[in-house]
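coords please:
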Amino acid sequence: MKASALAHPIQGLIKYHGMRDEILRLPFHDSISVCTAPLYTLTTVEFSRSFSRDNFLVNGTQVVQPRELARIQAIIDT
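Predicted coordinates for the structure are as follows:
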């Protein structure tokens, strides 16, 4: 089984007006975001019982390092 998703990045904008909580470092205002529609990422996942292990590639060729691999697996496995 194979599935792809196209996602447009969202750029967070915020004007600094101090901290709502100094200890937790929470800003006074919530984030304001804009979608940068001309830019996108395309992610494809493929599942098969014939695969012996998980393998993740970036841009089709770059093998993902162990730290990034763990982050990707955590999302895919949920």
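
show me where pLDDT drops low in this structure?
Within the chain, the ranges that satisfy pLDDT under 70 run 14-16.

the strands in it, which residues?
Along the chain, the segments classed as strands by DSSP state E run 2-7, 10-13, 19-21, 26-27, 32-35, 41-46, 57-58, 62-63.

which residues are in contact with residue 39?
Shown in contact with residue 39 (CB atoms under 8 Å, 6 or more residues apart in numbering): 8, 9. The way it works is simple: take the backbone N, C-alpha and C, and place the C-beta from them, glycine included.

can you tell me how far it is from residue 31?
To residue 31, residue 39 is 18 Å away according to CB to CB, to the nearest Å.

residue 54 too?
Noted for residue 54: a distance of 33 Å to residue 31, by CB to CB.

same check on residue 64?
Relative to residue 31, residue 64 is positioned 28 Å away (CB to CB).

who has more neighbours, these two?
Neighbour count, other CB atoms under 10 Å: between residue 64 and residue 31, residue 64 has more, with 16 against 10.

next, give phi and psi for the more buried one.
Backbone torsions of residue 64, given as degrees, to the nearest 10, read phi -80, psi 140.

wait, it sits on residue 58?
Yes. Counting by CB atoms under 8 Å, residue 64 does reach residue 58; the two are 6.3 Å apart.
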